[in-house]
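> Here is my input; please provide its structure:
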Amino acid sequence: MRGKKRNFLIGTIILFALLIVYLISYKYLIVPYQIKELNDNMVIDGIPYNIADEMENLDLGIIQEKSWEKNSRNNLYISYYNTDTGVIIFNGFPDLSDEYKFTLYRTKHDTLNVFGIRIGSNADNARKILKKWGYKKKDDDLYIKGRININFRCDANDKITELEVDLKSSDWFHKGYYK
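Numbers count the residues shown, from 1 in each chain. Coordinates of the predicted model:
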């Protein structure tokens, strides 16, 4: 009888410990199916890039033809800006290394459609859509799933005026800054 209770207790403790490790680590991991889910439900007008695409595999001529201005800072990221479209950022990824990937797109123009949310969409509907897709509310209009952040700003009429999709690095200690 004692052995069964002890084995049950040890098994319960191990399962509980594994559950805690999973719950803590899950929000810091980038799960490939989440990126695929985002890319399958995201369209950027005129730019055929997907989140987490490696920069060296992309046709950057598309950006250069449309007069995007290039900016980089300390080799941590490369950004392109166009007043008519928005901002694209390629971060050194993962761990902010030299392998740049498409990690952020921000716009105030109707060029981004993510899960059916666009500039001019109703913010309440956008919140419901993001919750339906499993995104958790962190701040005012910042929703997170794994390392994917979707953020929007709205006007007094609760219409979305700025929309951003961002894939955060898993580099907690910013070791990549020193590579």
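> low-confidence ranges in the protein?
1, 24-31, 73-76, 92-98, 170-179 (pLDDT under 70).
> can you do 80?
Filtered on pLDDT under 80, the chain yields the residue ranges 1-3, 21-32, 46-47, 54-79, 83-86, 88-100, 168-179.
> Setting aside sequence neighbours, what's the nearest residue to residue 111?
Distance criterion Cβ to Cβ, 6 or more residues apart in numbering; nearest residue to residue 111, sequence neighbours excluded, is residue 45 at 4.4 Å. All C-beta spots, glycine's among them, are computed from the backbone N, C-alpha and C.
> Strands along the protein, start to end?
42-44, 69-73, 77-82, 86-92, 100-107, 112-114, 136-139, 142-145, 148-154, 160-167 (DSSP state E).
> Could you point out which of the ones you listed sits nearest residue 59?
Closest approach to residue 59 among the strands of the chain is made by strand 100-107 (12.1 Å; Cβ to Cβ).
> send the alpha carbons of that closest one over as PDB?
C-alpha atoms of strand 100-107 as PDB (Å, rounded to 0.1, in the frame of the first residue of the first chain):
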ATOM      1  CA  TYR A 100      18.100  38.600 -40.900                       C
ATOM      2  CA  LYS A 101      14.400  37.600 -41.100                       C
ATOM      3  CA  PHE A 102      11.300  39.500 -41.900                       C
ATOM      4  CA  THR A 103       9.900  40.100 -38.400                       C
ATOM      5  CA  LEU A 104       7.800  43.300 -38.400                       C
ATOM      6  CA  TYR A 105       5.300  45.100 -40.600                       C
ATOM      7  CA  ARG A 106       3.600  48.300 -39.400                       C
ATOM      8  CA  THR A 107       1.200  50.500 -41.400                       C
END
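> Turn the strands of the chain into CSV, including mean neighbour count.
CSV is the format used below for these (neighbours: other Cβ atoms under 10 Å):
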stretch, mean neighbour count
strand 42-44, 17
strand 69-73, 11
strand 77-82, 17
strand 86-92, 22
strand 100-107, 21
strand 112-114, 21
strand 136-139, 11
strand 142-145, 18
strand 148-154, 19
strand 160-167, 20
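> Quick one: those as a markdown table, columns for distance to residue 129 too.
Below are these laid out as a markdown table (distance: least, Cβ to Cβ, whole Å):
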| stretch | distance to residue 129 |
| --- | --- |
| strand 42-44 | 13 |
| strand 69-73 | 32 |
| strand 77-82 | 27 |
| strand 86-92 | 20 |
| strand 100-107 | 18 |
| strand 112-114 | 9 |
| strand 136-139 | 12 |
| strand 142-145 | 10 |
| strand 148-154 | 10 |
| strand 160-167 | 11 |
